[in-house]
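Chemist: this one's structure only:
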């Protein structure tokens, strides 16, 4: 019990204090959580992805195994959410909402700072967490945006919506810059790179504070059966799959621990943004994101202690 309390105080509490800041400052300063969320979605997240991916230095073979591992976990999470919702005979919109919640963990504004606090001063841990973050962002954005549009009955529309996602649009130029820097020593001039770095650095605190503002605006969610089940798929399905699949992919040490941790995150703030942007049961999705975040106090503390 003492180890659980210590783990929570040193690793999770600092992140939740920022959520509390947003919860208190939102009503006091009349902050608009939708504006903060849209700013994160359209500007800060693409800047963060470009900044990280353009500078990443990782062994290609290990990166492929890690990427395949974490993407498979999240595809299976999406399938689990789909199966559970279908077994419960939920309508198409609710099925899509289950998939969104199941597949997209809060690996950015929760995962990255938690990894940083869990492995203080370990550059390899943060680099590993970033690779997982990028892989999860790509697969989760594709599945989430496709699912959010698919329930409307348009496959072409879903495909187009995926490739219009701001975060994914930042990937090709980031990879191009990474290649140019590695092979030819080309880098962006400071007048361009420094604003990107500043925006990227603002993503994590802005999204955590935005989550607090959403919690204040929505109020403490009242659990219902769908909220409990969807949250359980995300909070239990992710880590169980991650524990089970690490060995087949030959992952151990820091790659295994960080992968399991990133797979254990509650539903991401971006899930609620995607739901709002696509008018996909936004009230239910936002409430479930908030509920899974509160419930993760218990589940993440246990996972962190086991690791």
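Modeler: Good, I have the coordinates. In this text, all values refer to a predicted model and were calculated from it rather than measured experimentally.
Chemist: So the residue located most distally from the centre of the chain versus residue 176, what's the distance?
Modeler: Here the centre of the chain is the reference, and by Cα atoms, centre = their mean the most remote residue is residue 184, at 32.9 Å. Using Cβ to Cβ, to the nearest Å, one obtains 11 Å as the distance from residue 184 to residue 176. Where C-beta positions appear, they are placed from N, C-alpha and C, glycine not excepted.
Chemist: Could you do residue 238 as well?
Modeler: The value you get for residue 238 to residue 176, if Cβ to Cβ is used, is 32 Å.
Chemist: of those two, who's got more company?
Modeler: For residue 238 versus residue 176, neighbours defined as other Cβ atoms under 10 Å are more numerous around residue 238 (27 against 13).
Chemist: which ones are touching the more buried one?
Modeler: 73, 74, 77, 105, 263, 264, 265 (Cβ atoms under 8 Å, 6 or more residues apart in numbering).
Chemist: can you check residue 261 too?
Modeler: 111, 114, 115, 118, 129, 303, 304, 307.
Chemist: Pick out the lowest-pLDDT one from the residues you listed.
Modeler: Within the contacts of residue 261, pLDDT reaches its minimum at residue 307, with 76.
Chemist: just checking, it touches residue 260?
Modeler: Yes: with contact defined as Cβ atoms under 8 Å, residue 307 reaches residue 260; the gap is 6.4 Å.
Chemist: neighbour count winner among these two?
Modeler: The neighbour comparison of residue 307 against residue 260 (other Cβ under 10 Å) goes to residue 260, with 25 against 16.
Chemist: Can you give me the buried ones in the host helix or strand of the more buried one?
Modeler: Using DSSP states H and E, residue 260 maps to helix 253-263. Using 16 or more other Cβ atoms under 10 Å as the burial criterion, the residues of helix 253-263 that qualify are 254, 255, 256, 257, 258, 259, 260, 261, 262, 263.
Chemist: ok, these vs residue 61, which is closest?
Modeler: Taking Cβ to Cβ as the measure, residue 61 lies nearest residue 255 of those, at 11.9 Å.
Chemist: if I pick the closest one, what's in contact with it?
Modeler: Applying Cβ under 8 Å, 6+ apart to residue 255 gives the contacts 62, 66, 128.
Chemist: Tabulate the residues you listed (TSV), appending pLDDT and neighbour count.
Modeler: Formatted as TSV, these follow (pLDDT from 0 to 100; neighbours: other Cβ atoms under 10 Å):
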residue	pLDDT	neighbour count
62	82	14
66	92	22
128	83	27
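Chemist: In helices only, show me those residues.
Modeler: 62, 66, 128 (DSSP state H).
Chemist: for these, which one is nearest residue 37?
Modeler: residue 128 (27.5 Å).
Chemist: Not counting sequence-adjacent ones, nearest residue to the closest one?
Modeler: Among residues not flanking residue 128 along the chain, residue 258 sits closest, at 4.6 Å (Cβ to Cβ, 6 or more residues apart in numbering).
Chemist: shouldn't the one you found be in contact with residue 133?
Modeler: No: between residue 258 and residue 133 there is no contact under Cβ under 8 Å: 9.8 Å.
Chemist: Below-threshold pLDDT in the chain: ranges please.
Modeler: Low-confidence segments of the chain (pLDDT under 70): 1-2, 58, 123, 151-163, 218-221.
Chemist: could you pull out the strands for it?
Modeler: Assigned by DSSP state E, the chain shows no strands.
Chemist: and which of the contacts of residue 255 is nearest residue 229?
Modeler: When the contacts of residue 255 are compared against residue 229 (criterion: Cβ to Cβ), the nearest one is residue 66, at 29.6 Å.
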